[in-house]
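Asks: Fold the following for me, if possible:
(one chain, ligands or ions: 1)
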Amino acid sequence: MKTSGDLSFAAENAHNKVYGGFEGVEIPKDLDRKIAERRSQNHTKRLHHHAFRCRNAEETRHFYEDILGFPLVQAVIQNRDFGSLNENNFCHIFFELADGSALAFFDCTGSLVTRDYEPGTGFDHHVALYVASDDDLDYYKKRLDAANIPNHYVDYIVYHSLYVNDPNGLNIEFCANPPITADYELKAEIVAHRDLKTWMDFAHNQRNSS
Ligand SMILES: [Fe+2]
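Replies: I've put the predicted structure just below:
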């Protein structure tokens with residue numbers, strides 16, 4: 001797999017003509033400290049769980065636990081919708097990640113089962129999971145390849161990603177940050193509000209001219 005690239009090219013790639021780029025952007029010396037302080041003050045500490053529906057709890061368990069190695073840590077069986085209190089038998093299963101958060105799924109026999117599971121594109125709903133290195137991407141790629149599960153790798157220069165669809169059509173992205181990412185993310189946050197404004201003006205003009 002490729003490793004780090006050139007930040008100016010990465011910035012050009014991610015922040016093309018529409019977005020403005022990193023030209024003239026300097027990283028203040030105390031930005032790391034300010035970010036750490038900001039994060040420590042955020043009342044939301046981490047993802048607790050991300051939930052999705054599944055077609056079959058055991059099929060889903062096989063994918064997450066046997067192939068990816070995410071331990072099954074809860075299987076909650078109930079017989080009523082939380083909101084409506086209508087009868088709806090379901091099993092809510094949780095697969096643990098390293099920080100204690102989880103990917104969770106509902107297997108229902110009631111009204112919630114009426115959904116099509118169609119793998120989407122990269123613009124559709126997907127869950128991106130951070131891994132520490134390219135070696136970890138290789139680890140997952142080998143396990144998926146051994147199970148003959150289609151997957152694909154994309155080098156975004158500032159992020160390295162491995163994509164796979166689970167048995168329910170949910171797109172999972174494993175994402176590693178090469179060394180270049182840290183500098184990229186610091187500069188990206190400096191220009192984020194500027195670029196959002198640029199985008200809103202651009203999109204407004206596009207929508208009004210079509
Ligand atoms: Fe993503």
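Asks: C-alpha only now, for contacts and for neighbours.
Replies: Will do.
Asks: Return the distance of the top helix by length along the chain from the chain's centre.
Replies: Taking DSSP state H as the criterion, the chain has its longest helix at helix 180-209. From the chain centre to the centre of helix 180-209 is a distance of 20 Å (Cα atoms, centre = their mean, to the nearest Å).
Asks: Pull out the buried positions in stretch 135-147.
Replies: Neighbour counts over stretch 135-147 (16 or more other Cα atoms under 10 Å) mark 137, 140, 141, 144 as buried.
Asks: can you list contacts of it?
Replies: Residues outside stretch 135-147 that contact it (Cα atoms under 8 Å, 6 or more residues apart in numbering) are 67, 68, 131, 150, 151, 161, 162, 174, 175, 176.
Asks: any idea of the mean pLDDT for that stretch?
Replies: Taken as a whole, stretch 135-147 has an average pLDDT of 98.
Asks: Going by neighbour count, which residues in the longest helix of the chain are buried?
Replies: Residues 180, 181, 184, 186, 187, 188, 190, 195 are the ones in helix 180-209 that count as buried (16+ other Cα under 10 Å).
Asks: For residue 30, what are phi and psi?
Replies: Dihedral pair for residue 30: phi -100, psi 20, per degrees, to the nearest 10.
Asks: Quick one: the helices in this structure, in order.
Replies: 7-14, 31-40, 57-61, 134-146, 180-209.
Asks: of those helices, which approaches residue 95 most closely?
Replies: helix 57-61 (8.2 Å; Cα to Cα).
Asks: Which elements pack onto the closest one?
Replies: Here helix 57-61 touches strand 102-108, going by 3 or more Cα pairs under 8 Å, 6 or more residues apart in numbering; DSSP states H and E.
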